[in-house]
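1. Any chance you could fold what I've pasted below:
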Amino acid sequence: MFARGTQIALALVTSLGAASARADTIVVANENGQSLSIIDSQTSKTTTAAIPISPHNVDVTADGRLILATGMPAAQSGSHAAHGSAGGQLVLMDVAGDAPGAPQVVTVGGHPAHVVPDAQGHFAYLTDAETNSVVVVDIPGRRVTGRIPVQNYPHGLRLSPDGNLLAVANMKSDTVSLVDTRNPEKAMHISVGKRPVQVAFDRSGRILVVSLNGEDKVAIIDVDTRKVLRKASVGNGPVQVYVTPDGKAALVANQGSAAKPDNRVSVVAIEDGKLIRNVTVGKGAHGIVIARDGRTAYVTNTYANTISAIDLGSLSAGKSYPVGKGPNGIAAR
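-> Numbering: from 1, shown residues only. Purely as a prediction, here's the structure:
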């Protein structure tokens with residue numbers, strides 16, 4: 001196993017060798033702290049920005065100028081699993097200047113979980129578990145423009161690299177919905193396994209990896225045929241997942257539970273589903289993202305109130321950064 005892991009790590013170094021190291025800006029949603037942590041990875045300088053929601057997930061527009069965070073109003077939120085309020089919100093924050101701008105709020109209703117913007121920064125897509133739909137928000141107009149029906153309890157979602165396909169993990173129907181963003185009325189649904197939480201495309205858009213929280217596995221899907229190719233065992237309670245830039249491996253954050261937290265990121269080979277290595281991070285590994293230069297992954301440690309950096313060349317954990325309470329979603333720019 002270690003020999004195989006070393007080979008994969010060396011392959012990652014080779015494929016990323018042309019990229020020069022640079023500082024990353026990491027954005028973390030502190031769900032129990034009603035704030036965002038904005039971190040310069042080189043200097044470790046952290047800016048804490050208070051926002052009016054308990055943010056569960058966060059993303060950044062492709063130009064790096066706008067942060068998008070989803071959650072419930074702080075006074076109503078309780079835990080992320082709490083329902084019954086119609087006050088779900090999308091918070092937008094301009095970070096083009098030297099300091100974060102004032103948060104702007106778009107009320108989307110229901111119970112939003114994850115958000116992803118399109119490459120042009122025109123639209124944001126949010127899952128709403130209350131209405132079993134994806135909410136479409138006009139970013140420049142700061143308004144809801146529509147809803148796309150999916151299946152039961154949508155949570156994580158991601159866009160394909162070309163932006164034409166939206167994949168949505170439906171936790172209570174054990175499916176993934178594939179939505180053509182050019183014709184969203186015709187969604188397809190794939191049975192994938194127990195309690196899918198998040199999805200990740202490879203760079204080609206032809207492979208989709210799905211975390212199966214109820215099975216302690218990931219499913220690897222052929223997007224063209226809409227078939228599950230294989231499943232791979234990972235750690236306890238896998239949550240978020242991300243595919244390496246070369247498409248060879250998936251990184252899976254294993255949260256476990258509050259009573260029995262996991263502290264590992266599983267690295268799984270896409271080709272055959274074999275475990276390459278488990279990388280030890282902090283307690284309650286939840287959100288994961290790969291920096292844009294492809295050299296480093298960052299993972300939120302929900303029960304440790306930290307994030308960990310993972311060197312993708314050596315597949316080993318590096319620096320840890322303190323953040324706010326209950327970090328969940330994470331993005332890099």
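
2. so how far is residue 143 from the residue nearest to residue 137 when sequence neighbours are not counted?
-> Distances taken as Cβ to Cβ, 6 or more residues apart in numbering put residue 124 closest to residue 137, at 4.4 Å, once the chain neighbours are dropped. Glycine gets a C-beta too; all of them are placed from N, C-alpha and C. Look at residue 124 and residue 143: by Cβ to Cβ, to the nearest Å, they are 11 Å apart.

3. between the two, what contacts are shared?
-> residue 137 (Cβ atoms under 8 Å, 6 or more residues apart in numbering).

4. Compare these two and say which is more crowded by neighbours.
-> residue 124 (24 against 12; other Cβ atoms under 10 Å).

5. what about residue 324, neighbour count?
-> By other Cβ under 10 Å, neighbour count at residue 324 equals 21.

6. Confirm for me that it is in contact with residue 39.
-> No. With contact defined as Cβ atoms under 8 Å, residue 324 does not reach residue 39; the gap is 11.1 Å.

7. shared neighbours, those two?
-> Common neighbours of residue 324 and residue 39 (Cβ under 8 Å, 6+ apart) are residue 28.

8. Where does the prediction get shaky in the chain?
-> Flagging of the chain using pLDDT under 70 yields the residue ranges 1-22, 76-86.

9. those helices in it, which residues are they?
-> Listed in chain order, the helices of the chain (DSSP state H) span 2-15.

10. what's the neighbour count on residue 48?
-> Residue 48: 15 neighbours (other Cβ under 10 Å).

11. Please apply the same query to the one 5 residues further on.
-> The local packing of residue 53 (other Cβ under 10 Å) involves 26 other residues.

12. Quick check: bridge partners of the nearest residue to it once chain neighbours are set aside?
-> Spatial nearest neighbour of residue 53, chain neighbours left out: residue 71 (3.8 Å); criterion: Cβ to Cβ, 6+ apart. Per DSSP bridges, the residues bridged to residue 71 are residue 55, residue 89.

13. just checking, residue 71 touches residue 29?
-> Yes. Using Cβ under 8 Å, residue 71 makes contact with residue 29 at a distance of 7.4 Å.

14. Name the residue in these two with the higher neighbour count.
-> Between residue 71 and residue 29, residue 29 has the larger neighbour count (other Cβ under 10 Å), namely 33 against 29.

15. how near is the more buried one to residue 61?
-> Taking Cβ to Cβ, one finds residue 29 at 16 Å from residue 61.

16. about what we covered before: the residue nearest to residue 137: what's it in contact with?
-> When contacts are counted by Cβ under 8 Å, 6+ apart, residue 124 touches 59, 68, 90, 115-118, 136-137, 139.

17. One more: residue 211?
-> 156, 169, 196-199, 218, 234, 238-241, 252.

18. just to revisit the earlier point, so what's in contact with residue 71 and residue 29 at the same time?
-> By Cβ under 8 Å, 6+ apart, the residues touching both residue 71 and residue 29 are 55-57.

19. In JSON lines, list these along with neighbour count.
-> Shown next, in JSON lines, are the shared contacts of residue 71 and residue 29 (neighbours: other Cβ atoms under 10 Å):
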{"residue": "55", "neighbour count": "34"}
{"residue": "56", "neighbour count": "25"}
{"residue": "57", "neighbour count": "28"}
